[in-house]
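Asks: kindly return the folded structure for what I paste below:
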Amino acid sequence: MLVIIADDLNLSLGCYGADHMHSPNLDRLASEGVLFRRAYCQTALCGPSRNSFFSGARPDSTQVYNNRATFREALPDVASLPQHFKSHGYFTRGFGKVLHDGQDDPASWSEPFYFPEERVYARPENRNKVPIIDRADVANRANPLFETADVEDEAYWDGLTTGEALATLSRVATEDKPFFLMLGYHKPHTPFNAPADYWDLYDRGRIPLAANPFPPANVPEKYAMSDFRYVRSFQGVPESGPFPDAYAREVRHAYFACVSFIDAQVGKLLAALENSGTRENTIVVFFSDHGYQLGEHAMWCKHTNFETSTQVPLIVSAPGKAFARGASCEALAELVDLYPTLADLCGLPLPDHLEGNSLAPLLRNPVLAWPDLALSQFQRAGARGYSIRTPEFRYTEWRDLKTGGLSATELYDHRTDPMENENVAGEAAYAAKIPELSKLLAAKRKALTLH
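Replies: As a prediction, the model looks like this:
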């Protein structure tokens, strides 16, 4: 088993229809498995999302709502995803950013977790700079939002992570014991730094800008919108207002270079599996912890309940004739589904605490009728927004953290507005739809919360 996690990656991949992207290795992986076109994270923030898929429980059960806590505080005795495989005879090891930076879960691993030397920047003038991730700080303004450097991949910490994973893979691939390797890459998270070779793959003048660089009509800005203070704290970023087109295109160029950098790392891992003779009996999974706005809705961040923040790439390649190859699946899937899916594929029992569904039937038949919906959440301004995605709608309720009262409502009709440019919750034509979706949301929350 090889599980690969990107950070802040939206659907900017060729296999998702982004023709401007250079992502040949992930495109190839999609041709060898099932690409989920409507997969969603549980929270568009690194720590809560990662603790959720790692534990198999939703944020209201893990009680992780920020980048500092871990699921062990609320659920000390549950077996994590890799721990479950470890307890059933697998060699397990983690590399890079699996939980949030610096967090580890020793019970999950057969060998100590590998976190690389901190190599954020590579240019000599930037090499000692370390961005402040959890808050906007005046000290961060000395840090560039992006850089290009004529260096090898190992000049950045994702290159180091790949190197350590390859060394471990070459060793465990020759052993009789099955393995479960879990790699987390930092990119394309800010700062958008990548070797020059990956920048050179793109012609900046041909890079498209966001098609909807404005807030949705009728949006409750206090709750739904992010001011992306962290990104604005970087050197050279406008302190307020929109990004000028030329600058926005430069930032997108940097982001896309980081995506191609990660694609190259995935290519190295896939080549190693093939060279070791283990590719044909190894499940490979690739996904991101959440999406990212690159100017959509006038934001440069995640931190929302919009489609652009909650939707993630998800590719699962399972070996054997029983599983589809080169197929797309339109069923609504969630990252919390990964734990039961992978256990199911390997014939392991499913722990009682799991709050997701096994997607194994969809890997066998991607067009199978699938009744579930996706639930995401985010909190801001003293309220927690619970958002469900159905095949036709996104419906969000913002509820006061103290009273539970309804603070704001959003409804986006994906039949006519796939980019979520107009909140129609207040329109008479949707008056009957609101109670129906509210009931679905309440039922989903009640049925899937351990606390």
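
Asks: SS state for the closest residue to residue 405 other than its chain neighbours?
Replies: In this structure, residue 405 finds its nearest non-sequential neighbour in residue 399, 6.6 Å apart by CB to CB, 6 or more residues apart in numbering. From N, CA and C alone the C-beta is placed, and that goes for glycine too. Judged by DSSP: H, G, I helix; E, B strand; the rest coil, the three-state class of residue 399 is strand.

Asks: centre of the chain versus stretch 332-339, how much separation?
Replies: Stretch 332-339 sits 11 Å away from the centroid of its parent chain (CA atoms, centre = their mean, to the nearest Å).

Asks: quick one: buried residues of that stretch?
Replies: Under the neighbour-count criterion of 16 or more other CB atoms under 10 Å, stretch 332-339 has 332-339 buried.

Asks: and if you look at stretch 390-408?
Replies: Using 16+ other CB under 10 Å as the test for burial, stretch 390-408 gives 390, 393-399, 407-408.

Asks: one step back: now the buried residues of stretch 332-339 as JSON lines including distance to residue 200, pLDDT and secondary structure?
Replies: JSON lines is the format used below for the buried residues of stretch 332-339 (distance: CB to CB, whole Å; pLDDT from 0 to 100; DSSP: H, G, I helix; E, B strand; the rest coil):
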{"residue": "332", "distance to residue 200": "38", "pLDDT": "97", "secondary structure": "strand"}
{"residue": "333", "distance to residue 200": "35", "pLDDT": "98", "secondary structure": "strand"}
{"residue": "334", "distance to residue 200": "37", "pLDDT": "98", "secondary structure": "strand"}
{"residue": "335", "distance to residue 200": "33", "pLDDT": "98", "secondary structure": "helix"}
{"residue": "336", "distance to residue 200": "38", "pLDDT": "98", "secondary structure": "helix"}
{"residue": "337", "distance to residue 200": "38", "pLDDT": "98", "secondary structure": "helix"}
{"residue": "338", "distance to residue 200": "34", "pLDDT": "98", "secondary structure": "helix"}
{"residue": "339", "distance to residue 200": "39", "pLDDT": "98", "secondary structure": "helix"}
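
Asks: closest to residue 292 out of the residues you listed?
Replies: Nearest to residue 292, judged by CB to CB, of the buried residues of stretch 332-339 is residue 335 at 15.1 Å.

Asks: distance of the residue nearest to residue 405 from residue 60?
Replies: Using CB to CB, to the nearest Å, we find residue 399 at a distance of 12 Å from residue 60.

Asks: repeat that for residue 441.
Replies: 13 Å.

Asks: between those two, what contacts are shared?
Replies: Counting by CB atoms under 8 Å, 6 or more residues apart in numbering, no residue touches both residue 441 and residue 60.

Asks: looking at the two, which is more packed in?
Replies: residue 60 (22 against 19; other CB atoms under 10 Å).

Asks: now do the SS call for that one.
Replies: Residue 60 ends up helix, using three-state DSSP.

Asks: sketch out the low-pLDDT regions of the stretch 1-150 of the chain for me.
Replies: 133-140 (pLDDT under 70).

Asks: what are the ranges of the strands in it?
Replies: 2-6, 34-40, 91-96, 146-149 (DSSP state E, counting those that start in this stretch).

Asks: max-length helix in the protein?
Replies: helix 245-276 (DSSP state H).

Asks: and it, what does it pack against?
Replies: strand 2-6, helix 24-31, strand 146-149, helix 157-172, strand 192-195, helix 196-199, strand 284-288, strand 293-294 (3 or more CB pairs under 8 Å, 6 or more residues apart in numbering; DSSP states H and E).

Asks: ok, residue 260 touching residue 198?
Replies: Yes: applying CB atoms under 8 Å, one finds residue 260 in contact with residue 198, separated by 4.3 Å.

Asks: the two: who's more crowded?
Replies: Comparing residue 260 with residue 198 by neighbour count (other CB under 10 Å), the higher total belongs to residue 260, at 25 against 22.

Asks: OK, contacts around that one?
Replies: 21-23, 194, 198, 201-202.

Asks: identify the bridge partners of residue 148.
Replies: Taking DSSP bridges, one obtains residue 194 as the residues bridged to residue 148.

Asks: just give me the residue right at the centre of this protein.
Replies: For the chain, residue 289 is the residue whose C-alpha lies nearest the centre (CA atoms, centre = their mean; 2.1 Å).

Asks: how near is that residue to residue 50?
Replies: Here residue 289 is placed at a distance of 6 Å from residue 50 (CB to CB).

Asks: got any residues that touch both of those two?
Replies: residue 5.

Asks: what comes up buried for stretch 6-18?
Replies: 6-16, 18.

Asks: of those residues, which is the nearest to residue 310?
Replies: residue 10 (10.2 Å).

Asks: that closest one and residue 294 touch, don't they?
Replies: Yes: the criterion here is CB under 8 Å, and residue 10 meets it with residue 294 at 7.1 Å.

Asks: what ranges do the strands span in the stretch 351-451 of the chain?
Replies: Under DSSP E, counting those that start in this stretch, the stretch 351-451 of the chain gives strands at 374-380, 383-389, 393-400, 406-413.

Asks: I'd like those written out as TSV, with distance to residue 148 and mean pLDDT added.
Replies: Putting the strands of the stretch 351-451 of the chain into TSV (distance: least, CB to CB, whole Å; pLDDT from 0 to 100) gives the following:
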stretch	distance to residue 148	mean pLDDT
strand 374-380	32	97
strand 383-389	36	98
strand 393-400	36	98
strand 406-413	37	98
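
Asks: outline the domain layout of the protein.
Replies: Annotated domains of the chain cover 2-367, 375-447 [automatic domain parsing].

Asks: if I pick the residue nearest to residue 335 when sequence neighbours are not counted, what's in contact with it?
Replies: Leaving aside its sequence neighbours, residue 335 sits nearest to residue 53 (CB to CB, 6+ apart; 4.2 Å). Contact partners of residue 53, counting by CB under 8 Å, 6+ apart, are 42, 81, 289, 335-336, 338-339.

Asks: now do residue 49
Replies: 41-43, 289-290, 335.

Asks: residue 370 too?
Replies: With CB under 8 Å, 6+ apart, residue 370 has these contacts: 331-332, 362.

Asks: can you do 6 Å?
Replies: residue 331 (CB atoms under 6 Å, 6 or more residues apart in numbering).
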